[in-house]
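K.L.:
Next come a sequence and a model predicted from it.
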Amino acid sequence: MQTSAGAPVMGGISTSQSPPFAVPIRYMLLGVICFGLFAVDFAFQSLTFSRGVPGTPSVVALTHALTLGALLSFVMGAVYQLTTVAFLIPIASVTVARWNFWIYLIGVVGLFTSMSRWWPLGLLVFGFVTVISLYLYCAVMLTSLVKTKARGPMFGFVLSAHVYLILAVSVAVLLVLADSGFVPTLNLAIGQLIATHIVLAAGGFFTFLILGFSLKLLPMFTLAHGFSTWRQKWTLRLAHVSVWVIIAAIWVAIPILFWLGVICGLLTLIIHLWDMEDIIKNRMRKKVEWPIWGGVSAVVMGSFGLCLFLLRLFWRGGEAGWQIIVMFYMLGVVTMTVIGFAYKIVPFLIWTKRHSRAQATRQGKPILISDLIDVRRSRPVFIELIAGIIAGTTAASVSWAPGVIGGCMVIGLSIVMFSVQMLRVLKLPTLRKELFRHD
Amino acid sequence: MIDMDDVRAKLQQVYDPEIGVNVVDLGLIYKMEEREEGSLYIEMTMTTPGCPAHDMISENVEWAAAQASGVAMVYVDVVWDPPWSPEMMSIDARRELGFI
């Protein structure tokens, strides 16, 4: 890369491949707000969880407030930003990415409302809007990704994640068609469709994305050099085997396949942990920050979650038993990783927008990312989140209502703390002006 | 004639926003040459390829160097060979990152 300056005139800092600030930050802002709303609703619904009532409209709506509203929204913004630096490519269509936010917002808000009241017409209409939006997102990402020359395991993970998202969304369409009675034969397989949708979304999309981007973000934030990378391709292969063997097990109902699939998943996470340990050992920053430990803890929790999955094959917990495991995985693995990376990504984006161009012109030490947020504040968030998940899951598995309620309250509190910290970094009045000015 | 000490001083005001250490002490500046009268050539690197702060750091280096005495034109070249390693850091930077 070569640049030149003919005159000492300070223009705006252009990050050549990055999308405009408004594109990723809108998705992330929606994600942060939905995290907060989810946390409050989660605490309120703790009584429902304590009774072990799975599949009620309010629980389905709450689950999708987390998956679609908080996690997927935040992840979409982060992916639009990270892809450009991880794969050195621009986003295929910034215009589609920009307008798709509004389609997604309408779809998610409508879907949440429809799910809460179990309004079949709303589910069809807003489900359709959300599906179109997610297909558009995947189309933008896949057409962007195929242009990269950086083809390695990380590319494999991120590309596969988006293919799994397309599949997960397509299965959700089948679910809605089955539930609304349009295709009566699908009603016979509704249990398998729900399980396949969850495996494709949680095990496919979210897990692949987390594993892929952590291979980039972990070395970047710890300044690691010289760590081994040969295991990564095996992690990718095992992760694929795990997803497809579990899906096969769901449809043919052969217990040994479940075992095989979950063991492959467990091996995937253990090998990934081995990679993470190697990266951390080869770091140049002596101090490992709390968000990084949060990401590592999430993978440890994931391994524990898959052990629970194995136990569940013996343990007759009914539908509620599966719900506990899915919630454990979504909160302990996916949510914790996303929160961990959010502590690094959001302040960086805000710093880039508000302080990067002023850096060279200031006298004395300039504003740094650490001035926007002290990441040590994430410590209570992670401790509470881990404690709440473990307490809540343990209490739910032995049907101890006060423990479930207490666990849910602690989880809710930790996620609210995270949302408030992020909103303080974003500074909504300033952000509002920035978004109106540039869009 | 470019005052290289002044250039160095100006570049010490450019920080890696994530690490909190300036680019000179981090050892990111490999070469500074006046190839023609008033024309400054800077060869630099980043701590890691695909660093998200890549563009803003190189542009801040370009702008800061242009403020130095005698500089009319700045060329910043970001290279990856030799790759950056912690041995390239100054004593101050090592202390800041907890190595010493």
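P.N.:
Arrived safely, thanks for sending. Numbers count the residues shown, from 1 in each chain, chains lettered A, B, ... in the order given.
K.L.:
all helices of the stretch 51-200 of chain A, in order?
P.N.:
A:57-64, A:73-86, A:94-117, A:120-145, A:153-180, A:190-198 (DSSP state H, counting those that start in this stretch).
K.L.:
How about the contacts made by residue A:161?
P.N.:
Neighbouring residues of residue A:161 by Cβ atoms under 8 Å, 6 or more residues apart in numbering or on different chains: A:204-206, A:208-209, A:212. All C-beta atoms are positioned from the backbone trio N, CA, C, and that covers glycine.
K.L.:
Nearest residue to it in space, please, no chain neighbours.
P.N.:
Using Cβ to Cβ, 6 or more residues apart in numbering or on different chains and skipping the chain neighbours, the partner closest in space to residue A:161 is residue A:208 (3.7 Å).
K.L.:
Let me know which of the helices of the stretch 51-200 of chain A is the nearest to residue A:44.
P.N.:
With Cβ to Cβ as the measure, helix A:57-64 is the member of those nearest residue A:44 (9.2 Å).
K.L.:
Go ahead and name everything in contact with the closest one.
P.N.:
A:38, A:41-42, A:45, A:48-49, A:53, A:108, A:111-112, A:115-118, A:323, A:327, A:330.
K.L.:
So how do I select the buried members of the contacts of residue A:161 in ChimeraX?
P.N.:
The ChimeraX selection below is limited to those of the contacts of residue A:161 classed as buried (16 or more other Cβ atoms under 10 Å in any protein chain shown):
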select /A:204,205,206,208,209,212
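K.L.:
could I get the contacts of residue A:161 as a markdown table with pLDDT?
P.N.:
Formatted as a markdown table, the contacts of residue A:161 follow (pLDDT from 0 to 100):
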| residue | pLDDT |
| --- | --- |
| A:204 | 96 |
| A:205 | 96 |
| A:206 | 95 |
| A:208 | 97 |
| A:209 | 96 |
| A:212 | 94 |
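K.L.:
Tell me which residue is most central in the chain.
P.N.:
Answering for chain A, as no chain was given. What sits nearest the mean C-alpha location of chain A, by Cα atoms, centre = their mean, is residue A:71, with 4.3 Å.
K.L.:
Can you look at chain B instead?
P.N.:
Central residue of chain B (Cα atoms, centre = their mean): residue B:29, 3.8 Å from the mean position.
K.L.:
Could you give the bridge partners of it?
P.N.:
Judged by DSSP bridges, the bridge partners of residue B:29 are residue B:44.
K.L.:
Then the one 5 residues further on?
P.N.:
Per DSSP bridges, residues listed as beta-bridge partners of residue B:34: residue B:40.
K.L.:
Not counting sequence-adjacent ones, nearest residue to residue 84?
P.N.:
Since no chain was named, I'll use chain A. Nearest to residue A:84 is residue A:17, by Cβ to Cβ, 6+ apart, at 4.0 Å.
K.L.:
ah, no, chain B please
P.N.:
Per Cβ to Cβ, 6+ apart, closest to residue B:84 is residue B:45, 4.8 Å.
K.L.:
Isn't the one you found up against residue B:76?
P.N.:
No - Residue B:45 lies out of contact with residue B:76 (Cβ atoms under 8 Å); the separation is 11.1 Å.
K.L.:
which SS class is the closest residue to chain A within chain B?
P.N.:
Across chain B, the shortest distance to chain A (Cβ to the nearest Cβ) belongs to residue B:98, at 3.3 Å. Following DSSP: H, G, I helix; E, B strand; the rest coil, we place residue B:98 in the coil state.
K.L.:
Enumerate every residue touching it.
P.N.:
Contacts of residue B:98 (Cβ under 8 Å, 6+ apart): A:285-287.
K.L.:
From chain B, how far off is the closest residue to residue A:165 other than its chain neighbours?
P.N.:
Once flanking residues are discounted, residue A:165 sits nearest to residue A:205: 4.2 Å by Cβ to Cβ, 6+ apart. When distance is defined by Cβ to the nearest Cβ, to the nearest Å, residue A:205 is 23 Å away from chain B.
K.L.:
that older thread, can you confirm the residue nearest to residue A:161 is in a helix?
P.N.:
Yes - applying three-state DSSP, one finds residue A:208 inside a helix.
K.L.:
is it true that it touches residue A:164?
P.N.:
Yes - here residue A:208 reaches residue A:164: they are 6.2 Å apart, a contact under Cβ under 8 Å.
K.L.:
residue ranges with poor pLDDT in chain B?
P.N.:
B:50, B:99-100 (pLDDT under 70).
K.L.:
Would you tell me which residues of it are close to chain A?
P.N.:
When proximity is defined as Cβ under 8 Å from any Cβ of the partner chain, chain B approaches chain A at B:10, B:13-15, B:17-20, B:47-48, B:50-56, B:58-60, B:62-67, B:71-78, B:83, B:85-86, B:97-99.
K.L.:
what angle separates the helix ranked longest in chain B from helix A:73-86?
P.N.:
The longest helix of chain B (DSSP state H) is helix B:54-66. Put simply, helix B:54-66 runs at 60 degrees to helix A:73-86, going by axes from the mean of the first three to the mean of the last three Cα atoms, to 10 degrees.
K.L.:
Which strands and helices lie in contact with the helix or strand just after helix B:54-66?
P.N.:
Downstream of helix B:54-66, the next assigned helix or strand under DSSP states H and E is strand B:73-78. Packing contacts for strand B:73-78, counted by 3 or more Cβ pairs under 8 Å, 6 or more residues apart in numbering or on different chains; DSSP states H and E, involve strand A:2-5, strand B:39-44, helix B:54-66.
K.L.:
C-terminal to the shortest one, what's the next element?
P.N.:
Scanning the chain past strand A:2-5 towards its C-terminal end, the next helix or strand to appear is helix A:22-44 (assignment: DSSP H and E).
K.L.:
Give the buried residues for that next one.
P.N.:
A:22-39, A:41-43.
K.L.:
Then stretch A:227-235?
P.N.:
Neighbour-count burial for stretch A:227-235 [16+ other Cβ under 10 Å]: A:227, A:232, A:235.
K.L.:
Reformat those residues as TSV; add secondary structure.
P.N.:
Converted to TSV, these look like this (three-state DSSP):
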residue	secondary structure
A:227	coil
A:232	helix
A:235	helix
